[in-house]
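Q: Okay, predicted coordinates and the sequence, questions at the end:
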Amino acid sequence: MQEQPVPPSPTAFAPSTAAIVPTAKPKTHRLINIRQIALWSLVGCVIATISVYMWLAVFTQLFYLAHILPERIIHQQAVYSPQTFFLRILDNHPDLTKTSTEELIFDGTDLLRTLPLQKPMPWVTLLLIEDTPLESLPTNINLFTNVKQITIRNTRVTEVPTQIGDISTLEILNLEGNRISRLPESIGNLTNLTTLSLAYNKLEELPASMQYLTNLTELDLTGNRLREFPRVLPPNLKILYIGGNRIPVKELHKTTIPNGEDIFY
């Protein structure tokens with residue numbers, strides 16, 4: 001007996017009724033947006049902080065700038081007319097206080113050939129003149145009655161006035177790079193002097209009064225015309241520069257300084 005084929009079940013071709021669950025995609029675009037927003041927010045905060053700081057700095061300096069601007073203008077005028085500048089000082093110009101002229105600095109002033117001093121200026125503590133055509137120092141340089149440092153460097157000055165010995169407050173004297181051929185004996189009166197530079201001048205000898213500079217610890221005689229080692233030196237000298245002179249080498253090697261530590265040839 002032949003078997004009858006079994007008809008397929010009616011559910012075999014029926015569509016599946018099982019629910020299709022879609023696969024979740026990663027939300028990378030949302031994470032990227034959050035990171036970008038955080039980054040730009042941070043950059044914005046930094047820029048805002050810097051801007052606020054800069055504006056605060058400007059506003060806090062306005063008062064200061066407003067007060068020193070007139071003084072800066074007058075100091076600039078000194079470059080073009082030193083005579084006018086000193087007259088303004090002596091006339092107590094309202095825009096130029098004594099506090100603003102405690103340090104007189106003339107650097108590269110092409111028109112400065114003399115110092116037109118007229119009356120004492122006890123408030124000046126520093127006088128610096130360098131790289132100018134200054135030809136001479138005034139004989140009344142002692143009008144700087146309380147100055148502590150004088151630097152006259154790289155000028156055409158040939159002599160040091162005797163009156164410099166009257167400035168008892170002087171602690172540092174720098175006369176480097178001039179055309180000085182001799183020093184006055186009065187330099188021995190500067191008993192508060194601690195540093196003296198006479199480098200690159202035309203000195204052939206030193207005054208005997210140097211022995212009275214009891215507080216001098218450093219002396220620079222480099223590049224002069226000394227033919228022998230100084231016979232008289234300050235008693236408490238510690239550092240001496242003496243290279244570039246005409247002193248024989250064998251004489252230099254035999255020399256010492258009273259309480260010295262170093263001699264630089």
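A: Structure received. None of these values were measured; they are calculated from a predicted model.
Q: any weak-confidence spans in the stretch 51-200 of the chain?
A: For the stretch 51-200 of the chain, applying pLDDT under 70 flags the ranges 53, 55-84, 87-100.
Q: For it, just list every one of the helices.
A: 82-90 (DSSP state H, counting those that start in this stretch).
Q: what's the neighbour count on Leu196?
A: 23 (other CB atoms under 10 Å). The way it works is simple: take the backbone N, C-alpha and C, and place the C-beta from them, glycine included.
Q: Can you tell me who it pairs with across the strands?
A: Taking DSSP bridges as the rule, Leu196 bridges to Leu173, Leu219.
Q: That one and Ile239: what is the separation?
A: Per CB to CB, to the nearest Å, Leu196 is found 11 Å from Ile239.
Q: Which neighbours do those two have in common?
A: Glu218, Leu219 (CB atoms under 8 Å, 6 or more residues apart in numbering).
Q: quick one: the strands in the protein?
A: Applying DSSP state E to the chain gives strands spanning 103-107, 126-130, 149-153, 172-174, 195-197, 218-220, 239-241, 262-264.
Q: now for the third one, which elements pack on it?
A: Packed against strand 149-153, as judged by 3 or more CB pairs under 8 Å, 6 or more residues apart in numbering; DSSP states H and E, are the following elements: strand 126-130, strand 172-174.
Q: possible to save the ones you listed as CSV with mean neighbour count and distance to Thr214?
A: Compiled in CSV, these are given as follows (neighbours: other CB atoms under 10 Å; distance: least, CB to CB, whole Å):
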stretch, mean neighbour count, distance to Thr214
strand 126-130, 18, 23
strand 172-174, 19, 15
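Q: so can I have a markdown table of the ones you listed showing distance to Ile187?
A: Shown next, in a markdown table, are the helices and strands packed on strand 149-153 (distance: least, CB to CB, whole Å):
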| stretch | distance to Ile187 |
| --- | --- |
| strand 126-130 | 16 |
| strand 172-174 | 8 |
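Q: which one of the ones you listed lies closest to Glu204?
A: strand 172-174 (19.4 Å; CB to CB).
Q: So what touches that closest one?
A: By CB under 8 Å, 6+ apart, strand 172-174 touches 148-153, 164, 190, 193-197.
Q: Is it possible to mark the buried ones in those residues?
A: With neighbours counted by 16 or more other CB atoms under 10 Å, these contain buried members at Gln149, Ile150, Thr151, Ile152, Arg153, Ile164, Leu190, Leu193, Thr195, Leu196, Ser197.
Q: wait, what's in contact with the first one?
A: It stands for Gln149. Here Gln149 is in contact with Thr125, Leu126, Leu127, Leu128, Leu170, Glu171, Ile172, Leu173, Asn174 (criterion: CB under 8 Å, 6+ apart).
Q: that older thread, right, and the pair among the buried ones among the contacts of strand 172-174 with maximum separation?
A: Largest pairwise distance in these, by CB to CB, is 17.9 Å, between Arg153 and Leu190.
Q: count of residues packed around Arg113?
A: Counted with other CB under 10 Å, Arg113 comes out at 14.
Q: How many neighbouring residues does the residue nearest to it when sequence neighbours are not counted have?
A: In space, and not counting its chain neighbours, Arg113 is closest to Glu135: 5.2 Å by CB to CB, 6 or more residues apart in numbering. For Glu135, the count of nearby residues is 13 (other CB under 10 Å).
Q: I'd say Glu135 and Ile152 touch.
A: No. If you go by CB atoms under 8 Å, Glu135 and Ile152 don't touch, sitting 11.4 Å apart.
Q: circling back to that earlier point, okay if I get the contacts of strand 172-174 as a markdown table plus distance to Val249?
A: Below are the contacts of strand 172-174 laid out as a markdown table (distance: CB to CB, whole Å):
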| residue | distance to Val249 |
| --- | --- |
| Lys148 | 37 |
| Gln149 | 34 |
| Ile150 | 33 |
| Thr151 | 31 |
| Ile152 | 31 |
| Arg153 | 28 |
| Ile164 | 33 |
| Leu190 | 31 |
| Leu193 | 30 |
| Thr194 | 30 |
| Thr195 | 27 |
| Leu196 | 24 |
| Ser197 | 23 |
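Q: Alright, that wraps it up for me.
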